[in-house]
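[1] With the input below, show me the fold.
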Amino acid sequence: MQKPARFHLFLAALMLIIAAITSPLSAQSPAEMQIESWTQRDADMELRLVLPATFGRRYRIEVSTNLTSWETRLVTEPSFGSTLTVVVTTPAAIPHFFRASLFDWEELRAELETARDRWRASELVTYQFLFLWRCVICHPNFRTPSQVDVRDGAITAVTQLTTGEALPPDQWVHYTIEELFDWIEAKLAQHPEVMRVEFDPILGHPISGYYDQSSLMNDEEMGFALHSLSP
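    Now for the predicted structure:
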């Protein structure tokens, strides 16, 4: 059965719309998103879009009807090749514009910046807190709950809570709050597959976090818990 001419015109226009939008995938290799296939399901159009990708990176797919306001339709899983295929569904009666961009934990980066500003506004440079690293393959000092004492912005003592033993400086595997912010920022720069951080709503310092570079790698996951911070 032949489809109405208006439907064919819509498909042609939609293809041109998508092909005309250059996806800001990277500064080195901007590329165009393309339609691999489309299927009409009742009043909806299901499209398979193909875009160039970098191994291990996520991408944000956004949709617009006016090229002014954009809505995030999905964030992809990490890519495992040089191209990535995603499926999006839109109402068939309304032309839509699509664009793709690298997803690099923008929301977490913004939250991190706000939390760091809140911490610096507290002007705390002498304080103590309880800390625990969570990791599978790491030195025992990482997995032992400890009290960390900081004076004038530098660690002065680390005491294991289970034994009361004060660790010598060459066995410290802990950070000041500022250094912990730096650690989180450095992990984000590696474009991890999973990254979660929770910040104290009052002082802004991190209170928990979890990092997993890739589900294809074993035992490199790492997390932490920080609580009971006091001047």
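[2] need the helix or strand of this structure with the lowest average pLDDT.
    One helix or strand of the chain scores below all others by mean pLDDT, DSSP states H and E: strand 22-23, with a mean of 38.
[3] Provide a list of residues in contact with E46.
    38-40, 87-89 (Cβ atoms under 8 Å, 6 or more residues apart in numbering). In this view, the C-beta of every residue, glycine as well, is placed from N, C-alpha and C.
[4] ok but E46 is inside a strand, no?
    Yes. The assignment for E46 by DSSP: H, G, I helix; E, B strand; the rest coil puts it in a strand.
[5] With adjacent residues omitted, what lies nearest to A154?
    Nearest residue to A154, sequence neighbours excluded (Cβ to Cβ, 6 or more residues apart in numbering): T176, at 6.9 Å.
[6] swap in V136?
    Spatially, and ignoring its direct neighbours in sequence, V136 is nearest to D219 (4.2 Å; Cβ to Cβ, 6+ apart).
[7] Now go through the contacts of E46 and say which are in strands.
    Among these, the residues falling in strands (DSSP state E) are 38-40, 87-89.
[8] What is the neighbour count of the residue nearest to V136?
    D219: 9 surrounding residues under other Cβ atoms under 10 Å.
[9] what ranges of this structure fall below the confidence cut-off?
    1-31 (pLDDT under 70).
[10] Show me where it has its strands.
    For the chain, applying DSSP E gives strands covering 22-23, 31-32, 34-41, 44-52, 58-64, 71-75, 83-91, 97-103, 127-135, 146-151, 154-160, 194-199, 206-212, 222-230.
[11] Adding distance to A186, write those strands out as a markdown table.
    As requested, the strands of the chain are arranged in a markdown table below (distance: least, Cβ to Cβ, whole Å):
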| stretch | distance to A186 |
| --- | --- |
| strand 22-23 | 28 |
| strand 31-32 | 29 |
| strand 34-41 | 35 |
| strand 44-52 | 27 |
| strand 58-64 | 18 |
| strand 71-75 | 22 |
| strand 83-91 | 26 |
| strand 97-103 | 18 |
| strand 127-135 | 15 |
| strand 146-151 | 19 |
| strand 154-160 | 18 |
| strand 194-199 | 11 |
| strand 206-212 | 10 |
| strand 222-230 | 12 |
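[12] Compare these and report which one is nearest to A115.
    Proximity of these to A115 was assessed by Cβ to Cβ; the nearest stretch is strand 194-199, lying at 3.9 Å.
[13] Buried residues, that closest one. List them.
    For strand 194-199, the neighbour count (16 or more other Cβ atoms under 10 Å) marks 195, 197, 199 as buried.
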